[in-house]
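In: kindly generate the corresponding structure for this input.
(3 chains)
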Amino acid sequence: MTSRLSYAVTRSTPLSRAAIWLGVLSAAVALSVPLWAPSSFMRWAVEVMCYLVLAQMWNLMAGYGGLLSVGQQAFVGIGGYALFVFAQHLGIHPFLAVPLGGLLAAVAAAATAPIVFRLRGGYFAVCTWVLAEVFRIAFSNVSALGGGSGQSLTVMARMDRPLRETGVYLIAAVVLILASLAINLMLRSRFGLGLTAVRDSEAAAESQGVDVRALKLQVYVLAAFGSGLVGAVYYMSVLRISPPAAFDINWVVAAVFIVVIGGIGTLEGPLIGAAIFFGLRWALADYGAWYWLIMGSVAVAVIVFFPKGIWGWVRNRWDLQLLPLQRRLIVRGR
Amino acid sequence: MLEIADVLVQGIMLGGLYALFAIGLSIAYGVMRLVNIAHGDFLVLASYLALTTIALSGLHPFLAIVPVAIAMFAIGYALQRWVLGRTMGSDGLAPLLATFGIAIILRNALLQIYSADARSLQIGSIATDSLSFGSISVGVFPLLVLLVSIGLTFAVSLLFDRTSIGIALRATSDDPETASLMGIRTGRTHAAALGLSFALVAVGGVFAGIRTTFTPDIGPASLLYAFEAVVIGGLGSLWGTFAGAVLLGVAQGIGAEIDAGAGVLAGHLVFLAVLVLRPTGLFARTR
Amino acid sequence: MLRVRALEARYGDFQALFGIDLDLAAGEVLALIGANGAGKSTFLKSLVGQIAHRRGEIAFKGRDISALPADDIVRLGIAMVPEGRRIFRSLSVEENLRVGAFAGRPGPWTLEAVFELFPILEQRRRQAAISLSGGQQQMVAIGRALMSNPDLLLCDEISLGLSPAVVKDIYDALPRIRAHGLALVVVEQDIDTAVRVSDHVACFMHGRVSLRGAPSELTRERISAAYFGLEAHDA
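Out: Next comes the predicted model:
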């Protein structure tokens, strides 16, 4: 007598379904914030959301694409300045300038990719930094954009204040939600499969017909687009831009720490990393340089002892996945 | 005509200093494929260590190089042996990220200890004395830096090519697994390589601290110059790195001549140009 | 001299060796044969300390070496000629040989002795080792291993990729290599050669020893059966 077995191939588990509902709930709450929160909270939330998107972009590149960049700030800066160029100088509505900022950053990434891709590994990383510096110096020399000391977004200051703050907040929230959804869906698609293959073994992936170069270029440009959006949104909130701030290495330092501590190459990692990053910042608010010292030490300790980050460790230990990418075989016997 | 020669000479001597920055980076990459993102910050650390050593002992900055170099060797050895060595696995991400984190720790530690005030190392009149070669005047100190740089590059070359330690370093760099089959302790060899890298950085850091003022945050700039020198020169060759550094110095000199603030940019552009036209570098030895 | 009991080895989740038992006396030659992936190279790597996940007993000259790393094991007297030769690319022929002596063991194998064994290497001593022909590179690899004056030499597929004439030259040097009492474990694809040069043969299949004995005891049929996993029918 053979027993009848039914098989199902599925991604979702009870935990992941719960996590998705939690995510939907969080998104709804996030979108409702302007209705009940003070503007100081909204401004802080915009900053948190910007860093989170940036971290997700860096994670996409490094954790999934194997491209470790320390020049992400180039695209943040380009996105930020694009906002000023389009909104302040070309008269386009600032809210519309945000996606344009992303687009400009993506174009810049596509244009410079052939240069930086000539190097690999650590040399690729430092090269992206050189590129960011070139952009910084270039923008410092454009007097129409305020040169080395920067410029204020006066066109926004003229907007009605509650509208402006709500608008910026909602754009930031939408960018975060869309970025998270996009990354999730992308990684579940053929694109994501190819990316994981490249991450695991480039040579093997190439032999299976994966166009490694094209894939890496796409990831690089996509991450630049997201970073450009971050720059545009952030500087729309802060209302003032300058080259040392827009092209500050600390953008990528924050993104790296958030991703590495949370768990590189996982979807849940940046969320945990951001919680720790901002939690520590709030706790050490009065201690200046100590914050970065402790942050850096935590990061190095995690890299040495928990190379997969906190979430990576949790996931391996208890086989948990809130946002699973792998399909499982579920066997139900009769 | 005279100005061009002068610019070239100044550029070459600046290149001599950059070579001291770059050789250490080249060694770390050559022996263990490590790109030390904290390289520039360790250069600044050397400047500060010299500052404290001089304050405590009254030694002349040139003499202070010795204890600082010894201390930096020990730091590099310990760092590789007990921190970075543990992160070396199948992918190159972890060691790179670790050095990134260490750079942040170092920068902020220096900020906490020394504050953001600009410091410098004083050597008296030698800093501004100059010699005349025909109608070109050459600073005594920059010339000294260039000569030391050439000497150290030569010494390190000899170390790699003629000594047993050099053979061990090259073998470990080629194939660490087989090197340990020969009885080479790869952990210690890697640690010695980073120690050597840091000792060279110590010399560079002290000279840099004499040449200009320093603050805790100028590390990244030096990293970029060292990196550009290595890439321009090409991987696998110490003298190639030296040549790359000289070329970078000259490029920056010419750029600064055109416009006061354009020196660094000129260097970046030359670097990018070499990358586009000759990605393996100008003097690469194939490995 | 060498006593292996219940040796198991894993690569991550994949188990390559399942309980290997083997003995080797001083001065003996043991040949390991078997198809690709049977575990022969894994066995050698386990002996020399290159496999991270190994369990079981490995006793060399009475001492348990099952947990020692490679750089300690060579100092105790086990040297390996690795699969694929693994010549150091940046080093000359002479430097490659000198590296072998880093284990610091005294003995008859000096640079001169190796040059006497393989004269062609002395002619090319300053050349980049990687520029030599396959057969000459194999000589460098063997010489390099000998330079550590081992008591046990492990040779992993030294005939791989070489023409029969070159292989013959290399195996002709074997008696001189054994002259000082060196024991050898030789992994060999060519069964005839393995049988010819060895005192004992062990056949590996799927991570286990499927046949063992002296060459005189083993018929072709039994060896083929053990190699391919078929039932043996002795004539």
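
In: up against chain B, what does chain C have?
Out: Counting by CB under 8 Å from any CB of the partner chain, the residues of chain C close to chain B are C:48, C:50, C:69-71, C:74-75, C:79-80, C:82, C:86, C:88-91, C:95, C:98-100, C:102-104, C:144, C:148. In this view, the C-beta of every residue, glycine as well, is placed from N, C-alpha and C.

In: can you do 6 Å?
Out: Residues of chain C lying near chain B by CB under 6 Å from any CB of the partner chain: C:70-71, C:74-75, C:80, C:86, C:88-90, C:95, C:99-100, C:102-103.

In: from residue C:21, how far out is the spatially closest residue to residue C:113 that is not a sequence neighbour?
Out: In this structure, residue C:113 finds its nearest non-sequential neighbour in residue C:146, 7.8 Å apart by CB to CB, 6 or more residues apart in numbering or on different chains. Distance, residue C:146 to residue C:21, using CB to CB, to the nearest Å: 28 Å.

In: then residue A:191?
Out: 51 Å.

In: which one of residue C:146 and residue C:21 has more residues nearby?
Out: residue C:146 (26 against 15; other CB atoms under 10 Å in any protein chain shown).

In: now the residue in chain C that chain B sits nearest to. Nearest residue, chain neighbours left out?
Out: Nearest to chain B in chain C, going by CB to the nearest CB, is residue C:103, at a distance of 3.5 Å. Distance criterion CB to CB, 6+ apart; nearest residue to residue C:103, sequence neighbours excluded, is residue B:183 at 3.5 Å.

In: what about the helices in the stretch 1-150 of chain B?
Out: B:2-32, B:39-57, B:61-79, B:85-87, B:93-114, B:140-162 (DSSP state H, counting those that start in this stretch).

In: ok, back up a step: pull the number of nearby residues for the residue of chain C closest to chain B.
Out: Quick note: residue C:103 (other CB under 10 Å) scores 22 neighbours.

In: so how far is chain A from it?
Out: 31 Å (CB to the nearest CB, to the nearest Å).

In: contacts only, for that residue.
Out: B:183, C:74, C:75, C:148 (CB atoms under 6 Å, 6 or more residues apart in numbering or on different chains).

In: report the buried members of those.
Out: For those, a burial check counting by 16 or more other CB atoms under 10 Å in any protein chain shown picks out B:183, C:74, C:148.

In: let me see the confidence value for the last one.
Out: Looking at residue C:148, its pLDDT reads 93.

In: what helix or strand is residue 167 located in?
Out: In the absence of a named chain, chain A is used. For residue A:167, the element it lies in under DSSP states H and E is helix A:161-188.

In: my bad, chain C
Out: Going by DSSP H and E, residue C:167 is in helix C:164-172.

In: what sits up against that helix?
Out: Looking at helix C:164-172 with CB under 6 Å, 6+ apart, the contacting residues turn out to be C:135, C:159, C:197.

In: with stretch A:248-257 instead?
Out: A:51, A:54, A:55, A:58, A:70, A:72, A:73, A:76, A:295, A:299.

In: of those residues - the most surrounded one?
Out: Going by other CB under 10 Å, residue A:76 tops the contacts of stretch A:248-257 with 32 neighbours.

In: my read: that one touches residue A:227, true?
Out: Yes - counting by CB atoms under 6 Å, residue A:76 touches residue A:227, with 5.1 Å between them.

In: rounded mean pLDDT for the helix holding residue C:167, please.
Out: Mean pLDDT, computed over helix C:164-172, is 86.

In: and what of stretch A:163-178?
Out: Mean predicted lDDT for stretch A:163-178 stands at 91.

In: what residues of it count as buried?
Out: Counting neighbours by 16+ other CB under 10 Å, stretch A:163-178 gives A:164-177 as buried.

In: picking that back up, so of the contacts of stretch A:248-257, which ones are in helices?
Out: Counting by DSSP state H, the contacts of stretch A:248-257 place A:51, A:54, A:55, A:58, A:73, A:76, A:295, A:299 in helices.

In: for the last one, what are its contacts?
Out: So the one you mean is residue A:299. A:257, A:260, A:261, B:101.

In: for the second one, grab phi and psi.
Out: With angles defined as degrees, to the nearest 10, residue A:260 sits at phi -70, psi -40.

In: and the residue of the stretch 151-287 of chain B found nearest chain C, helix, strand or coil?
Out: Closest approach between the stretch 151-287 of chain B and chain C, counting by CB to the nearest CB: residue B:183, at 3.5 Å. Here residue B:183 is recorded as coil under DSSP: H, G, I helix; E, B strand; the rest coil.

In: got the confidence number for it?
Out: Residue B:183 is given a pLDDT of 91.

In: likewise for residue C:234?
Out: pLDDT, residue C:234: 46.

In: returning to what we had before: in JSON lines, list the contacts of residue C:103 along with secondary structure and distance to residue A:6.
Out: Below are the contacts of residue C:103 laid out as JSON lines (DSSP: H, G, I helix; E, B strand; the rest coil; distance: CB to CB, whole Å):
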{"residue": "B:183", "secondary structure": "coil", "distance to residue A:6": "59"}
{"residue": "C:74", "secondary structure": "helix", "distance to residue A:6": "57"}
{"residue": "C:75", "secondary structure": "helix", "distance to residue A:6": "60"}
{"residue": "C:148", "secondary structure": "coil", "distance to residue A:6": "61"}
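
In: from those, which single one is nearest chain A?
Out: residue B:183 (27.5 Å).

In: what about the closest residue to chain A within chain C, neighbour count?
Out: Residue nearest to chain A within chain C (CB to the nearest CB): residue C:12, separated by 13.1 Å. By the measure other CB under 10 Å, the count of residues near residue C:12 is 7.

In: excluding chain neighbours, give the residue nearest to it in space.
Out: Spatially, and ignoring its direct neighbours in sequence, residue C:12 is nearest to residue C:53 (7.9 Å; CB to CB, 6+ apart).

In: okay, now the one you found: neighbour count?
Out: Neighbours of residue C:53 using other CB under 10 Å come to 14.

In: still on that earlier bit, show the pLDDT at the residue of chain C closest to chain A.
Out: Reported pLDDT for residue C:12: 78.

In: list the buried ones in stretch A:177-196?
Out: Neighbour-count burial for stretch A:177-196 [16+ other CB under 10 Å]: A:177, A:179-180, A:183-184, A:186-188, A:191-192, A:194-196.

In: which helix or strand in chain B has the lowest average pLDDT?
Out: strand B:130-133 (a mean of 82; mean pLDDT, DSSP states H and E).

In: can you name every helix or strand that that one contacts?
Out: strand B:136-139 (3 or more CB pairs under 6 Å, 6 or more residues apart in numbering or on different chains; DSSP states H and E).

In: quick one: strands adjacent to the strand it packs on?
Out: strand B:130-133 (antiparallel) (DSSP bridges).

In: mind listing what's buried along the partner strand?
Out: Buried residues in strand B:130-133 (16+ other CB under 10 Å): none.
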